[in-house]
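Trainee: Build me a model from this:
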Amino acid sequence: MIIRKLFRFENAHVVRNGSTRRCALSLHGHSYRVELLLTAARLDNAGMILDFGLLKGAIKELIDSWDHAACFWDRDDPEYIAFIQRHSERWVSMPVNPSAEQFSRVFFVLVDAVLAATEFGNGEQGVSLDSVIVHETDTGYAQCWRDDAFSPDMGGAIALDKIVFSDRIREEWSDPRLWAEVVTAVQNKTRPFRNPLPPQQVP
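Mentor: Just a heads-up that it's a prediction; the model follows:
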């Protein structure tokens, strides 16, 4: 079974090397919609794959980091990067060109990392990320599956520690160390995040 959760944010970028001049050479923005599709073969104690409310924590905070922010490829022109960092409090540096396709890969590895670092507490079993869909416009989107997220043909593995959030973004999280904790958890294969137990249990 698959469940779907939708997130939204506004973001500005430039997609270098694109065929469309407006996209490749001009800073511009989109109203993004990100769909997470999660799957499992068994339901939890509440008859769910995963309570949607549990996606409002670290995952929502991290995706929301791109809202009203400028993102850039860390291999872009250093002068352009310095300009963005000087004139925008909210920015995200990415190790890939910020196309819809690469956004879908970035969000796949990000969400996959948070799930891997989470200890579930309500009988959830085998919950995994099926795919991520990133809508850049009303008519165009990219969808990433696990093979795409780590494929050499799609740009290779995305190193989590190469995704860098500005000081202002980190200050707005409930825990400014959130992303560092995710990265460390994946490196050490630990699960520091624990979902709360249900408020009551009914036999």
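Trainee: Low-confidence stretches in the chain?
Mentor: 197, 200-203 (pLDDT under 70).
Trainee: and with 90 instead?
Mentor: 194-203 (pLDDT under 90).
Trainee: Where do the helices of it begin and end?
Mentor: 21-25, 58-64, 78-87, 100-116, 146-150, 167-172, 178-188 (DSSP state H).
Trainee: Between those, which one is closest to T137.
Mentor: helix 100-116 (8.7 Å; Cβ to Cβ). For the C-beta atoms, the positions are set from N, CA and C on the backbone; glycine is no exception.
Trainee: buried set for that closest one?
Mentor: 100-116 (16 or more other Cβ atoms under 10 Å).
Trainee: Contacts only, for the residue nearest in space to the middle of the chain.
Mentor: With distances taken as Cα atoms, centre = their mean, F107 lies nearest the centre of the chain, 3.0 Å away. Counting by Cβ atoms under 8 Å, 6 or more residues apart in numbering, F107 makes contact with 34, 36, 63, 132, 134, 144.
Trainee: picking that back up, deepest of the helices of the chain, which one?
Mentor: Compared across these, helix 100-116 shows the largest average neighbour count, a mean of 22 (mean count of other Cβ atoms under 10 Å).
Trainee: That one vs helix 178-188, what angle?
Mentor: Helix 100-116 and helix 178-188 are oriented at 70 degrees to each other (axes from the mean of the first three to the mean of the last three Cα atoms, to 10 degrees).
Trainee: Alpha carbons of helix 100-116, in CSV - could you do that?
Mentor: Below are the C-alpha coordinates for helix 100-116, written out as CSV (Å, rounded to 0.1, in the frame of the first residue of the first chain):
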residue,chain,number,x,y,z
ALA,A,100,13.3,19.5,-10.7
GLU,A,101,14.9,16.2,-11.3
GLN,A,102,17.8,16.9,-8.9
PHE,A,103,15.4,18.4,-6.4
SER,A,104,13.5,15.1,-6.4
ARG,A,105,16.7,13.2,-5.8
VAL,A,106,17.8,15.5,-3.0
PHE,A,107,14.4,15.2,-1.2
PHE,A,108,14.5,11.4,-1.7
VAL,A,109,17.9,11.1,0.1
LEU,A,110,16.9,13.6,2.8
VAL,A,111,13.6,11.9,3.7
ASP,A,112,15.1,8.5,3.4
ALA,A,113,17.8,9.6,5.9
VAL,A,114,15.3,10.9,8.4
LEU,A,115,13.2,7.7,8.2
ALA,A,116,16.4,5.6,8.7
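Trainee: In contact with L178, which residues?
Mentor: Neighbours of L178 in contact, by Cβ under 8 Å, 6+ apart: 58, 61-62, 170.
Trainee: quick one: which of these is nearest I158?
Mentor: Once Cβ to Cβ is applied, the member of the contacts of L178 that ends up nearest I158 is L62, at 13.9 Å.
Trainee: any idea how far K162 is from that closest one?
Mentor: Distance from L62 to K162, counting by Cβ to Cβ, to the nearest Å: 15 Å.
Trainee: can you check V186 too?
Mentor: 13 Å.
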